[in-house]
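Trainee: have a look at this fold, sequence not included:
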């Protein structure tokens, strides 16, 4: 399939020299297929990425021209007391959310994998929340968290004589309350992925282990968990990114004071949203997005590195 | 299926351990807890304002009044249409372009192939949040704010989908493609008629993922739309809920309307959806 060079001997005198060889025609197809996508990725992905970096070095309120201010946005951000709080909140979602949701989903997947009777039905119960709309379910949970006569959870607790919890109105409990909603929404996906991972482990390993007289617990520790590692790594990274980017639930559960009470639930993405689209400080907001990008990159690489080390 | 008598009835009736029953029961209770928010949402949407305080799961006198009230101002129908149109259009675009690019990268050898692949893959690292401000400025400049195209354009192709499809096209034997070439089919027809039908499981996984993602999308539509006419269902519901303040039965009706369509689709296609999520999750 070598390309026909100009002046290559054609052998047959009657046949005109072929310019559109198989190879060239194929290349034309290839770039024809790729033309629109290449344009798309250039204009809608790469250009905006560069633009965001550039904007982060400017001061711009959308009204006047952007002015270049170097790294001032970054120094301002790291001195901003609000950012300190938002940073802690964002990591609070991650540090509590990821382990809790992973442990829960693994236990459920492990148990569900062994259940034959009513398997599809049980699986559907766990999976359903995943396909709901986050903003709709955030409002349902918000209602659950209301004080007693109307709030389902407080009503349930008061039935046992447990005092009322303020949930979304408390600076201590609001963040965990929102996190529970987020865990609930993502659990079904993680369970399904864990189940797919469990199914992928060949039965022969288990049979061999049983012949060797290993108990259930030993099989779980020595065979299931190590072989499930790729799935676990994927879910750790995936779920961490999700919690670091949490927005829908927070926005909808705290509409009267977004990120409140007193900023106690505000994650980085909500701060970005407010800086850009409430205060119209585009440069400052862009700097925050660059920081988010860096956090996501560092956390994912760190997790991949740590989890790879132990293999 | 055979007319032979069942050989071992003991196989059909496995021994029931008390441990198994316990696990099943715990799983069942957990599952019920998982769907409790959904049940309460539906049951409250069937109650009158006065009945909301009585937290019974099954309403004493179920009524569809709330639905009639919510639907009668027409906004929900409009939002429903917007969401459906956008999710379907973006899904079609992804199914077309992601698989076209995935196929090209998997099945052709050409200079720049590896570079194009890496470039597309590298966009996976960039979070949407970082692109949102430039997209907003771009939309403002070109007049895409408050338009379907403005909501849709960022998602018309995804690196995730391209990667997924590339993985699957690599399993298609080259012989099939060569044979079609010898038969004189052009490259587009080979892709569309020969290769595409061989990866339908992947295509349906991609379609399910893209549709769900766009149907429930919140962040970008919230930014790019300011006119109620163009809200998608999640944004519309959010603004509707704020408007209703503490009329929980109305909010729950809105939430039910936003949730019902996906639930129905799920109940119909559970097998495919679960399989699709597994496939996309494992290969992606």
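Mentor: Received the coordinates, thanks. Note that the coordinates shown come from a computational prediction; the quantities given were computed from them, not determined experimentally. Numbers count the residues shown, from 1 in each chain, chains lettered A, B, ... in the order given.

Trainee: quick check: longest helix in chain A by residues?
Mentor: helix A:81-114 (DSSP state H).

Trainee: confirm residue B:197 sits in a strand?
Mentor: No. Counting by DSSP: H, G, I helix; E, B strand; the rest coil, residue B:197 is not found in a strand; it is helix.

Trainee: which pLDDT value goes with it?
Mentor: pLDDT for residue B:197: 94.

Trainee: burial of residue A:99, as a residue count?
Mentor: Each residue near residue A:99 was counted by other Cβ atoms under 10 Å in any protein chain shown, and the total is 12. (C-beta placed from N, C-alpha, C; glycine too.)

Trainee: could you check how far it is from residue A:66?
Mentor: From residue A:99 over to residue A:66 the distance is 42 Å, taken as Cβ to Cβ, to the nearest Å.

Trainee: same deal with residue A:112?
Mentor: 54 Å.

Trainee: more neighbours: which of the two?
Mentor: Neighbour tally, residue A:112 and residue A:66, criterion other Cβ under 10 Å: the higher count belongs to residue A:112, 24 against 15.

Trainee: which residues does the more buried one contact?
Mentor: Going by Cβ atoms under 8 Å, 6 or more residues apart in numbering or on different chains, residue A:112 touches A:119, A:122, A:123, A:126, A:191, A:195, B:27.

Trainee: pick the one among those residues closest to residue B:66.
Mentor: Nearest to residue B:66 among these is residue A:126, at 28.6 Å by Cβ to Cβ.

Trainee: so who does residue B:165 touch?
Mentor: Residue B:165 neighbours (Cβ under 8 Å, 6+ apart): B:98, B:99, B:101, B:102, B:103, B:106, B:199, B:202, B:203, B:206.

Trainee: now it, nearest residue through space, not along the chain?
Mentor: Of all residues not flanking residue B:165 in the chain, residue B:102 sits nearest, at 2.9 Å (Cβ to Cβ, 6 or more residues apart in numbering or on different chains).

Trainee: cool, and residue A:297?
Mentor: Residue A:297's closest residue in space is residue B:125 (Cβ to Cβ, 6+ apart), at 6.3 Å.

Trainee: what's near enough to touch residue 45?
Mentor: No chain in the question, so chain A it is. B:123, B:126, B:131.

Trainee: ah, I was thinking of chain B
Mentor: Here residue B:45 is in contact with B:66, B:67, B:249, B:252, B:253, B:255, B:256 (criterion: Cβ under 8 Å, 6+ apart).

Trainee: which ones among these map onto helices?
Mentor: B:66, B:67, B:249, B:252, B:253, B:255, B:256.

Trainee: how about those in JSON lines, adding distance to residue A:183?
Mentor: Shown next, in JSON lines, are those (distance: Cβ to Cβ, whole Å):
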{"residue": "B:66", "distance to residue A:183": "29"}
{"residue": "B:67", "distance to residue A:183": "30"}
{"residue": "B:249", "distance to residue A:183": "27"}
{"residue": "B:252", "distance to residue A:183": "22"}
{"residue": "B:253", "distance to residue A:183": "26"}
{"residue": "B:255", "distance to residue A:183": "19"}
{"residue": "B:256", "distance to residue A:183": "22"}
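
Trainee: out of those, which touch chain A?
Mentor: By Cβ under 8 Å from any Cβ of the partner chain, the members of these lying near chain A are B:252, B:255.

Trainee: quick check: phi and psi on the residue of chain A found nearest chain B?
Mentor: Chain B sits closest to residue A:125 of chain A, with a gap of 3.1 Å, by Cβ to the nearest Cβ. The phi/psi pair for residue A:125 (degrees, to the nearest 10) reads phi -60, psi -40.

Trainee: likewise for residue B:62?
Mentor: The phi/psi pair for residue B:62 (degrees, to the nearest 10) is phi -60, psi 140.

Trainee: and it, how many neighbours?
Mentor: 14.

Trainee: next one, pLDDT for residue 83 please.
Mentor: Let's take chain A. Residue A:83 is given a pLDDT of 93.

Trainee: wrong chain, I was asking about chain B
Mentor: Looking at residue B:83, its pLDDT stands at 94.

Trainee: ditto for residue A:123
Mentor: Note on residue A:123: pLDDT of 91.

Trainee: what are the buried residues along stretch A:70-86?
Mentor: Across stretch A:70-86, burial judged by 16 or more other Cβ atoms under 10 Å in any protein chain shown covers A:73, A:74, A:76, A:77, A:83, A:85, A:86.

Trainee: ditto for stretch B:82-98
Mentor: Neighbour-count burial for stretch B:82-98 flags B:82, B:83, B:86, B:87, B:89, B:90, B:91, B:93, B:94, B:95, B:97, B:98 (criterion: 16+ other Cβ under 10 Å).

Trainee: okay, buried residues for stretch B:105-117 please.
Mentor: Within stretch B:105-117, the residues that count as buried by 16+ other Cβ under 10 Å are B:105, B:106, B:107, B:108, B:110, B:116, B:117.
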